[in-house]
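K.L.:
Below are the sequence and a predicted model for it; my questions follow.
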Amino acid sequence: MSQAQTIPGANPVVTVLEGEERATPPVRLAMYREALRIRLVEEEIVNRYGEQEMRCPTHICIGQEAPPVGVSVHLNDNDYVFSAHRSHGHYLAKGGDLSAMIAELYGRATGCAAGKGGSQHLIDMEAGFLGSAPILASTISVAVGAAWAAKRRGEDRVVVVYFGDGATEEGAFHEALNFAGVNRLPVVFVCENNLYSVHSALDMRQPEHRTVKDIGPVHGLEALAGDGNDMDLAWQLGKYAVERARSGANPVLLEFFTYRWKEHCGPNEDAILGYRSEEEIEAWRDRCPVSTYEQRLLHEQVLSSSAAADYRKEIGAEVSAAFDFATSSPYPELNELDRFVYPKADAL
């Protein structure tokens with residue numbers, strides 16, 4: 001059922017599902033396309049960020065595309081997703097509106113949060129993306145509350161919440177896991193362990209010889225971990241976790257070892273800061289979740305070179321149209337400034 005696998009820069013012993021089924025070829029193609037779409041969106045944000053028109057703090061998820069794609073493919077329209085500050089991939093994989101997301105980064109009225117939230121406050125109720133927030137671990141307890149409500153109402157609904165390894169050091173994380181475990185809530189906790197909290201490595205923040213996965217069982221959760229750069233594995237772990245949560249068996253904690261290529265916040269490279277080496281960054285780039293999956297599908301003749309080129313062309317046109325929509329959209333009116341803010345200024 002499991003085997004040991006070495007993940008560069010991460011804990012060397014990782015549980016993976018061995019001998020489990022793979023997704024069908026159409027699903028694998030759809031996952032490849034979605035991961036490529038997220039990558040091309042992020043690359044265009046990086047290309048345009050220096051124009052100083054997107055003034056909100058923006059956390060780029062290049063290198064971390066596999067977990068949200070592999071998990072979200074198992075979710076229904078009425079399932080909920082919550083995220084944190086590095087949220088673009090989670091939002092898009094759940095079906096969020098690309099044009100509305102880009103407009104939000106530009107602070108336009110057509111943005112998914114009416115242009116007032118920016119990159120870290122994405123929301124799309126129709127897609128089941130209930131929101132992201134920059135405060136560390138802040139959406140974890142909200143996601144558990146949504147799962148508690150779903151169970152109390154007898155709804156067929158799974159809640160997924162994404163967070164980084166730094167969030168696991170917050171009290172809210174442990175309290176939420178404990179409540180979910182005690183009440184066997186239909187929630188999947190997805191930790192994208194990219195080895196750093198801003199500029200602090202894991203060994204400066206967490207005990208040696210323990211990964212995030214080890215925390216799950218003490219709170220009554222089933223827990224699995226794996227290579228967050230492997231799309232097929234992300235699909236397998238996502239399938240298992242979502243099915244367990246939906247059946248009412250138990251909540252599940254997934255830990256994906258992954259890596260962010262860019263700086264903590266912003267579009268730039270940051271090896272010059274010295275907290276991680278250029279060699280480490282390049283080692284993870286060599287394991288790119290998008291290109292390695294493309295090569296796997298080409299090798300297995302699931303994907304053709306012409307189809308891959310067509311995907312890039314189609315997505316490129318979609319991304320270009322989304323930026324055109326955003327930059328041509330109006331800014332919010334001044335009288336919208338305190339709308340949706342509690343308490344409103346006139347109530348003070």
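P.N.:
Nice, thanks for sending it over.

K.L.:
any low-confidence regions in the stretch 1-150 of the chain?
P.N.:
Within the stretch 1-150 of the chain, the set of residues satisfying pLDDT under 70 comprises 1-20.

K.L.:
can you give me the strands for it?
P.N.:
80-83, 129-132 (DSSP state E, counting those that start in this stretch).

K.L.:
Can you say which of those is nearest to Val188?
P.N.:
strand 80-83 (9.7 Å; Cβ to Cβ). The way it works is simple: take the backbone N, C-alpha and C, and place the C-beta from them, glycine included.

K.L.:
chain center to the closest one, what's the gap?
P.N.:
Remark: strand 80-83 is offset 9 Å from the chain centroid, using Cα atoms, centre = their mean, to the nearest Å.

K.L.:
Can you list the buried residues in stretch 85-100?
P.N.:
85-100 (16 or more other Cβ atoms under 10 Å).

K.L.:
ignore the last one, stretch 296-316
P.N.:
Arg296, Leu297, Val302, Leu303, Ala308, Tyr311, Ile315.

K.L.:
is it true that Glu255 touches Asn193?
P.N.:
Yes - at 5.6 Å, Glu255 counts as touching Asn193 under the criterion of Cβ atoms under 8 Å.

K.L.:
Which one of the two is surrounded by more residues?
P.N.:
Set Glu255 next to Asn193 and count neighbours by other Cβ atoms under 10 Å: Glu255 wins out with 29 against 26.

K.L.:
which residues does the more buried one contact?
P.N.:
Cys191, Asn193, Thr211, Val212, Lys213, Ala223, Leu224, Ala225, Gly226 (Cβ atoms under 8 Å, 6 or more residues apart in numbering).

K.L.:
you'd agree Gly228 is up against Ala66?
P.N.:
Yes - judged on Cβ under 8 Å, Gly228 makes contact with Ala66 at a distance of 5.7 Å.

K.L.:
next one: phi and psi at Val158?
P.N.:
Backbone torsions for Val158, taken as degrees, to the nearest 10, come to phi -110, psi 140.

K.L.:
what do you get for Leu254?
P.N.:
According to degrees, to the nearest 10, Leu254 has phi -110, psi 130.

K.L.:
nearest residue to it other than its sequence neighbours?
P.N.:
Val190 (5.0 Å; Cβ to Cβ, 6 or more residues apart in numbering).

K.L.:
Ok, Trp148 next?
P.N.:
Nearest to Trp148 is Leu185, by Cβ to Cβ, 6+ apart, at 5.8 Å.

K.L.:
Tell me the spacing between that neighbour and Arg205.
P.N.:
Leu185 sits 27 Å away from Arg205, going by Cβ to Cβ, to the nearest Å.

K.L.:
again, but for Ser320
P.N.:
41 Å.

K.L.:
got it, and Arg184?
P.N.:
From Arg184 to Arg205 the distance is 30 Å (Cβ to Cβ).

K.L.:
So for the two, which residue has more residues nearby?
P.N.:
Using other Cβ under 10 Å as the criterion, Arg184 and Arg205 rank with Arg184 on top: 16 against 13.

K.L.:
what pLDDT does the more buried one get?
P.N.:
Turning to Arg184, the model gives it a pLDDT of 97.
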